[in-house]
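[1] Sequence first, then the predicted structure:
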2 protein chains.
Amino acid sequence: MSEEQKRTELSSLGEFGLIDRITKDFPLTHESSELGVGDDAAILNYGDKRVVVSTDMLTEGVHFDLRYVPLKHLGYKSVAVNVSDIAAMNAVPKQITVSIGLSSRFSLEACEELYAGIRAACEEYGVDLVGGDTTTSRSGLVISVTVIGEAEENALAKRDGAKEKDIICATGDLGGAYIGLQILEREKEVFLSNPEMQPDLSNYNYVVGRQLKPKARMDIIHELADLGVVPTSMIDISDGLASELLHIASQSNVGISIFEDKLPIDKQTYNTAVEFKIDPITCALNGGEDYELLFTIKQSEYEKLKMHPDIHFIGYTQSKEDGCNLITKQNNVYPLSAQGWNHFNKK
Amino acid sequence: MSEEQKRTELSSLGEFGLIDRITKDFPLTHESSELGVGDDAAILNYGDKRVVVSTDMLTEGVHFDLRYVPLKHLGYKSVAVNVSDIAAMNAVPKQITVSIGLSSRFSLEACEELYAGIRAACEEYGVDLVGGDTTTSRSGLVISVTVIGEAEENALAKRDGAKEKDIICATGDLGGAYIGLQILEREKEVFLSNPEMQPDLSNYNYVVGRQLKPKARMDIIHELADLGVVPTSMIDISDGLASELLHIASQSNVGISIFEDKLPIDKQTYNTAVEFKIDPITCALNGGEDYELLFTIKQSEYEKLKMHPDIHFIGYTQSKEDGCNLITKQNNVYPLSAQGWNHFNKK
């Protein structure tokens, strides 16, 4: 490309800006293409069945560091994060395809470790490996997973269905995966400066586990089905709570209020954040990779869920004009902003 | 991994050996998982519909060299090679997802070029882009495409359906993409040693086009449907004719005879091969990336296809005991061997 040609850096757009830009000229032409780019998964319509499809690519040095991520955990996680996208549609995953790009430094044994983790996740989430591609990569390891799930038409939960005065729910606890990453990065530095030193992670088991082996919350999806609750909107928390809240607000055309004192934060996450001099609330709002579910329900459904030990009611939707805000313990109101993962801004 | 642990090099297995090894412990558990790993695409059963799914990953420096592959062509090719897998099932592609890993050296404009090629292929093959992932890659460009197609149950053509005494058909011509690659590699060397020198490819337009912008043969699939012909088995020629013939023979449990003088080779391919001192027959047998279709038909279907200008009848199937052979013009019989693309053997 000649130097006179215009050059726009990808970092100036961010991942979502780039996706918007490059997919705007792609129309949907088939009857079976019910929903395209812009939600956790695409929706295909095969008459009686709705089939949901989602895909994620993980690249070495960006999404994982093989100096501290065991291959088996990586295999498990690469499936779990995709299953999480299917969960976020309120659908049930059925099949996956796995493509991997490997460099020659990988042995068969290393490859088998990776697939042992993939198999463990397939068993846990009940998905069949039906295809894939295995190829060489000149550089780092690349894993691309596509997952296919099924749902009844009236069970699907998209990002655009929230109405004003819905209740906003989040599962599990937030910020742990981000703090786990800080621990792993710190121990890596210690190890690199003194290879004799074995890392002691025993005080950080929970947060390290949140980073290395996140669970897709299919348990919640099955429980919602058992309770007869269909969320009005849903998304999985992969880029940070604030970013996901803003997606729901924007796509559902509503405003949002969430309460600082309702944000679910595990004690180990809280204490380790303090140790790192990071605000635990910032971790919960902007730390990525928790893979919990964020969803909205009608107020009339609250009774069915209120006793659930792992679903937290963190706020409500409101008119778009009232904006998207965090209400602090002191009753101060701050506008929410997404400072989640933007791969293109990272070096 | 400690040095005492066993280390088996991936190159000792090859791509197919690796796939066999790592997928053998993955059972199919769902009613909708009709066919898993081992054909051009997986088959999913949704009652009335059969849905086929295939995925391919292309990595920089292995599948393409950005020093001579225009991004637009690369985008087109990354879709076409996946559509070719759906064609090879005798199915019609409907949707794709595209995941790309980009390094920061890519500008928005470069990215738009890539997607312009993807869009051109989507329009040509009538597929909707319904999803994907856009992420950073620390090193080279990675493109992973998953394509979803549809077919009636009785129209599907798998690799395992050939019977003895079927006629073996190949579309188009073979070896051109391989020879095109030799031209591009040669011109690259010239250019690298003298950047002032502009390559003159005018005598090699056809073969260079076969490498840079291969077509998926959906035209053949539609014509077969119009003629009421369902192949007994089918595969696309991505790794070389000999390799694909051996896949059909092995999965259909038959032997094969093909005739040297029936192999379709374009004149430019032939002449350029001679110029490079490469045997044109070797190019046709073992050159990869032609993305033509190889299929078998019952003898009773021959009348319907015999006048087709772009379908060539290259041999027949026989009993497994008679082996897989090439019969030369001098009536010598040589066993076929796959010397196609094995990425793990390349440095």
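    In hand now; what should we look at?

[2] Which residues are in contact with the residue nearest to residue A:215 when sequence neighbours are not counted?
    Spatial nearest neighbour of residue A:215, excluding adjacent residues (C-beta to C-beta, 6 or more residues apart in numbering or on different chains): residue A:80 at 6.3 Å. To be clear about C-beta, it is placed using only N, CA and C from the backbone, and glycine gets the same treatment. Contact analysis of residue A:80 by C-beta atoms under 8 Å, 6 or more residues apart in numbering or on different chains lists A:121, A:125, A:213-216, A:291.

[3] cool, residue A:21 as well?
    Applying C-beta under 8 Å, 6+ apart to residue A:21 gives the contacts A:13, B:108, B:112.

[4] Among those residues, which ones are in helices?
    If you go by DSSP state H, these have B:108, B:112 in helices.

[5] Including neighbour count and pLDDT, could the contacts of residue A:21 go into a markdown table?
    As requested, these are exported to a markdown table (neighbours: other C-beta atoms under 10 Å in any protein chain shown; pLDDT from 0 to 100):
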| residue | neighbour count | pLDDT |
| --- | --- | --- |
| A:13 | 19 | 75 |
| B:108 | 19 | 87 |
| B:112 | 18 | 91 |
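
[6] Identify, from the contacts of residue A:21, the entry nearest to residue B:322.
    residue B:112 (54.1 Å; C-beta to C-beta).

[7] The closest one contacts residue A:22, correct?
    Yes: using C-beta atoms under 8 Å, residue B:112 is in contact with residue A:22, at 6.5 Å.

[8] how many other residues sit next to whatever residue of the stretch 151-300 of chain A ends up closest to chain B?
    Closest residue of the stretch 151-300 of chain A to chain B, C-beta to the nearest C-beta: residue A:238 (11.0 Å). By the criterion of other C-beta atoms under 10 Å in any protein chain shown, residue A:238 has 22 neighbours.

[9] check contacts around it.
    A:81, A:84, A:244, A:288-291, A:341.

[10] do that again at 6 Å, thanks
    Listed by C-beta atoms under 6 Å, 6 or more residues apart in numbering or on different chains, residue A:238 has no contact partners.

[11] And the pLDDT at it?
    pLDDT recorded at residue A:238 is 93.

[12] distance of it from residue A:278?
    20 Å (C-beta to C-beta, to the nearest Å).

[13] before we move on, what about residue A:230?
    From residue A:230 to residue A:278 the distance is 36 Å (C-beta to C-beta).

[14] These two - which one has more neighbours?
    Using other C-beta under 10 Å as the criterion, residue A:230 and residue A:278 rank with residue A:230 on top: 19 against 16.

[15] which SS class is that one?
    coil (DSSP: H, G, I helix; E, B strand; the rest coil).

[16] Do you know the pLDDT at it?
    What the model reports for residue A:230 is a pLDDT of 97.

[17] show me the contacts for it.
    residue A:155.

[18] Around chain B, pick out the residues from the stretch 51-200 of chain A.
    When proximity is defined by C-beta under 6 Å from any C-beta of the partner chain, the stretch 51-200 of chain A lies next to chain B at A:55-57, A:59, A:61-62, A:94-95, A:97, A:99, A:101, A:107-109, A:115, A:128-131, A:133-140, A:142, A:144, A:146.

[19] how about residue A:118, secondary structure?
    helix.

[20] For it, give me its contacts.
    A:75, A:79.

[21] Residue B:57 versus that one, what's the distance?
    In terms of C-beta to C-beta, residue A:118 sits 15 Å off from residue B:57.

[22] try residue A:308
    40 Å.

[23] which of those two has more neighbours?
    Between residue A:308 and residue B:57, counted using other C-beta under 10 Å, residue B:57 has the larger neighbour count: 27 against 16.

[24] Wasn't that one part of a strand?
    Yes: the assignment for residue B:57, made by three-state DSSP, places it in a strand.

[25] doesn't residue A:282 make contact with residue A:175?
    No: using C-beta atoms under 6 Å, residue A:175 is not in contact with residue A:282, being 8.1 Å away.

[26] Looking at residue A:105 now. What's its pLDDT?
    83.

[27] Please apply the same query to the one 5 residues further on.
    The score at residue A:110 is 89. That number is its pLDDT.

[28] Pull out the buried positions in whichever strand or helix holds it.
    Here residue A:110 sits within helix A:108-125, counting by DSSP states H and E. Residues of helix A:108-125 classed as buried by neighbour count (16 or more other C-beta atoms under 10 Å in any protein chain shown): A:108, A:110-115, A:117-122, A:125.

[29] Could I get the contacting residues of residue A:284?
    Contacts of residue A:284 (C-beta under 6 Å, 6+ apart): A:174-175, A:263, A:265.

[30] Where neighbours are concerned, which of these has the most?
    residue A:175 (31 neighbours).

[31] Run through the residues that contact the residue lying closest to that residue once chain neighbours are set aside.
    In this structure, residue A:175 finds its nearest non-sequential neighbour in residue A:283, 3.2 Å apart by C-beta to C-beta, 6+ apart. Applying C-beta under 6 Å, 6+ apart, we find residue A:283 in contact with A:175, A:178-179, A:273.
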